[in-house]
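Peer 1: Show me the folded form of this:
(4 chains)
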2 protein chains.
Amino acid sequence: MMTIGALAERAGTSIKTIRYYDEVGVLAPAQRSDSGYRLYDEGALGQLRFVRAAQAVGLSLGEIRQVMALRRQGEAPCRFVLELVERRADELDERIAALGRVRDELRRLAARGRLLDARDCDPDFVCHVVVPAGTAREERRHG
Amino acid sequence: MMTIGALAERAGTSIKTIRYYDEVGVLAPAQRSDSGYRLYDEGALGQLRFVRAAQAVGLSLGEIRQVMALRRQGEAPCRFVLELVERRADELDERIAALGRVRDELRRLAARGRLLDARDCDPDFVCHVVVPAGTAREERRHG
DNA sequence: CTAAACCCTCCCCTCGACTGGAGAGTCAAG
DNA sequence: CTTGACTCTCCAGTCGAGGGGAGGGTTTAG
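Peer 2: Numbering: from 1, shown residues only, chains lettered A, B, ... in the order given. As a prediction, this is how the structure comes out:
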């Protein structure tokens, strides 16, 4: 058994982080010494490594917590994890596509903007690089 | 001159949002009526449209505030905006590439995970879909 | 005159994953 | 016995872009 500091050192993380995982249920409540110190076994190290790997591929602590809970219930979380991984990959595809569209729009604005003269910019619309002349219209987002 | 509610309606945004922009300096401090009501002219509408357009391509309110400040100083912000736009496009390229790498990794994990049997998963490492067997090692991020 | 509809300021809350610090108890070495 | 390293809990704050609501003034239509 090791104290939280030793575990943090071996896992390459911080004491604060481990306490936080304890608090939010990513790690099971630690065993405690007589004086109240958290005590961890080797298993905690494997769990922290899992958290790291899972975070690295974009899983949230909430999702990771669910996985850990399954494991704690004696159930192999593999199927659940596989679904998470596939869903996250799909979400990333969408996200990447959306960012790509924004980037394309930025490139268009930049290309057009390089041809514009600042002297032609109408102060009423702040900057014609972002708001092309003649784009004014009533918006309707809250009504 | 219109009150904040009328402006919000015309701009398709909320009163809260306009007050917030006022507070953080995205909009210049509004003129006030005798009773303290904010009063806006048509210019504010153009400014709100600019904010919307700029946000839509990923500029932050902090950046937008700088642009507005230039405009308020009587300077055409076009060159600054063009730089922001180009820089943001470059950042998005990096971001998209990074997300693509994560997605690729997820696809790899999923493909491999589909071939794994949950019964072979070592509970000590939570789930072998994310942490392939034999990946254990000491990490060193904080020390 | 009164009620509805506006408007004001001020403060707290949201989300995620922590980080920092105060104040206090514990443990190991010299 | 003391000192310093370690640990505990609890509170607060971070970042961005607002949202919710209390408590109180203002304006306008009937």
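Peer 1: Which strands or helices does the lengthiest helix in chain A pack on?
Peer 2: Assignment by DSSP state H gives helix A:78-113 as the longest helix of chain A. When contacts are defined as 3 or more C-beta pairs under 8 Å, 6 or more residues apart in numbering or on different chains; DSSP states H and E, helix A:78-113 packs onto helix A:61-72, helix B:78-113. Where you see a C-beta, it was placed from the backbone N, CA and C, and this is true even at glycine.
Peer 1: The shortest one near DNA strand D anywhere?
Peer 2: No - residues of helix A:61-72 are not located near DNA strand D by C-beta under 7 Å from any atom of the strand, the shortest gap being 14.1 Å.
Peer 1: do the same with stretch A:3-18
Peer 2: Yes - for stretch A:3-18 and DNA strand D, the contact criterion (C-beta under 7 Å from any atom of the strand) is met by A:3, A:4, A:5, A:6, A:15.
Peer 1: The residues you listed into TSV, with extra columns for secondary structure?
Peer 2: Below are the residues of stretch A:3-18 next to DNA strand D laid out as TSV (DSSP: H, G, I helix; E, B strand; the rest coil):
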residue	secondary structure
A:3	coil
A:4	helix
A:5	helix
A:6	helix
A:15	helix
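Peer 1: Quick check: ChimeraX command selecting the buried ones in the residues you listed.
Peer 2: Applying 16 or more other C-beta atoms under 10 Å in any protein chain shown to the residues of stretch A:3-18 next to DNA strand D, the buried members can be selected in ChimeraX as follows:
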select /A:4
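Peer 1: Only the buried residues of the longest helix of chain A, if you could.
Peer 2: Applying a neighbour-count criterion of 16+ other C-beta under 10 Å, one finds A:78, A:80-82, A:84-86, A:88-89, A:92, A:95-96, A:99, A:102-103, A:106-107, A:109-110, A:113 buried in helix A:78-113.
Peer 1: Check stretch A:112-129 too.
Peer 2: Of all the residues in stretch A:112-129, those buried under the rule 16+ other C-beta under 10 Å are A:113, A:116, A:118, A:121, A:124, A:125, A:126, A:127, A:128, A:129.
Peer 1: okay, the residues you listed in CSV with secondary structure and distance to residue B:71 next?
Peer 2: Compiled in CSV, these are given as follows (DSSP: H, G, I helix; E, B strand; the rest coil; distance: C-beta to C-beta, whole Å):
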residue, secondary structure, distance to residue B:71
A:113, helix, 16
A:116, coil, 15
A:118, helix, 11
A:121, coil, 9
A:124, helix, 10
A:125, helix, 10
A:126, coil, 5
A:127, coil, 7
A:128, coil, 12
A:129, coil, 12
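Peer 1: Turn the residues you listed into TSV, columns for distance to residue B:57 and pLDDT.
Peer 2: Listed next are those as TSV, based on distance: C-beta to C-beta, whole Å; pLDDT from 0 to 100:
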residue	distance to residue B:57	pLDDT
A:113	12	97
A:116	16	96
A:118	19	96
A:121	17	96
A:124	20	94
A:125	15	96
A:126	14	97
A:127	12	97
A:128	14	97
A:129	10	97
